[in-house]
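In: what shape does this take:
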Amino acid sequence: MSEKYTVARLTKENEHFEILVKPQKALDYRTGKIAGISEVLVADFIFSDANKGTKVSEEQMRKAFGTTDPLKIADIILKKGTLQLTTEQRHKMIEDKRKQIIDFISRQAVDPKTNLPHPPMRIENAMEQIRYSIDPYKPVEEQAKEIVKLLRPVLPLKIEQISVGVRIPAEYSARAYGAMKSFGTIKKEEWRADGSWYGVIEMPAGSYASFLNKLGDVTKGSGEAKVVT
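Out: Now for the predicted structure:
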């Protein structure tokens, strides 16, 4: 595989379909950063084996995709198929996913002894001990939950949801509402006659400290919060 192009492939109707694409543009297309498929393709051909240059017939394309338009077929292959990554892309995707997983665990899980979140660096160091292979395509939450189970012998962790009662004074209620809601799920809310807002937000226990800091910032220290049962 050249660094100038790579292969995206899809198996459909027991047939293999491949396209040659520009590595970074293909990744940008899959993640929605660019919309033009023509920017991505090295050639407007659909192959059964791109490395050998073996093209599929129009009959095969029509049977599998209902069209012979290579741009429409390439769009399907890129969105639903497998994109072969360059070494540099794969390393970057794995590193980005690792950071997302560490952030997720730090926000969602707490030390059962203190009920406080572990610092990200402590989680990262523990992850190195269990030698978990990060999958660049697998969802963050799914991998994080697997990692938490493996980490427990090395680092005490528990994932727990808490309910927090919040009161926001009238002068900050409209501005603070969106920020507060982003921390979890609002289970109960009440706009009071004086313009203030009261609500109960369910959130990960690990997010509570960050929530208190945010509440203090957006209400200039006048907001109130406490864990409720």
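
In: pLDDT value on the residue lying closest to D135 once chain neighbours are set aside, please?
Out: In space, and not counting its chain neighbours, D135 is closest to Q143: 6.4 Å by Cβ to Cβ, 6 or more residues apart in numbering. Where C-beta positions appear, they are placed from N, C-alpha and C, glycine not excepted. Model confidence at Q143, expressed as pLDDT, equals 93.

In: can you pull the phi and psi angles for the residue nearest the centre of the chain?
Out: Most central residue of the chain, judged by C-alpha distance to the mean C-alpha position with Cα atoms, centre = their mean, is V140 at 5.5 Å. Main-chain dihedrals, V140, degrees, to the nearest 10: phi -60, psi -50.

In: hmm, it is touching R107, no?
Out: No - the criterion here is Cβ atoms under 8 Å, and V140 misses it with R107 at 11.0 Å.

In: just to revisit the earlier point, state the distance from the residue lying closest to the residue nearest to the centre of the chain once chain neighbours are set aside to I147.
Out: For V140, ignoring the flanking residues on the chain, the nearest one in space by Cβ to Cβ, 6+ apart is Q100 at 4.7 Å. Per Cβ to Cβ, to the nearest Å, Q100 is found 12 Å from I147.

In: give me the more crowded residue out of these two.
Out: Ranked by neighbour count (other Cβ atoms under 10 Å), Q100 and I147 place I147 first, with 23 against 16.

In: mind listing residues that contact stretch 88-100?
Out: When contacts are taken as Cβ atoms under 8 Å, 6 or more residues apart in numbering, the neighbours of stretch 88-100 outside the stretch itself are 3, 23-24, 27, 85, 124, 127, 134-136, 138, 140, 143.

In: show me what the worst-scoring helix or strand of the chain on mean pLDDT is in contact with.
Out: Comparing helices and strands within the chain by mean pLDDT, DSSP states H and E singles out strand 158-159 as the least confident, with a mean of 82. For strand 158-159, the surrounding residues in contact (Cβ under 8 Å, 6+ apart) are Q108, A109, V110, P112, K145, V148, P204, A205.
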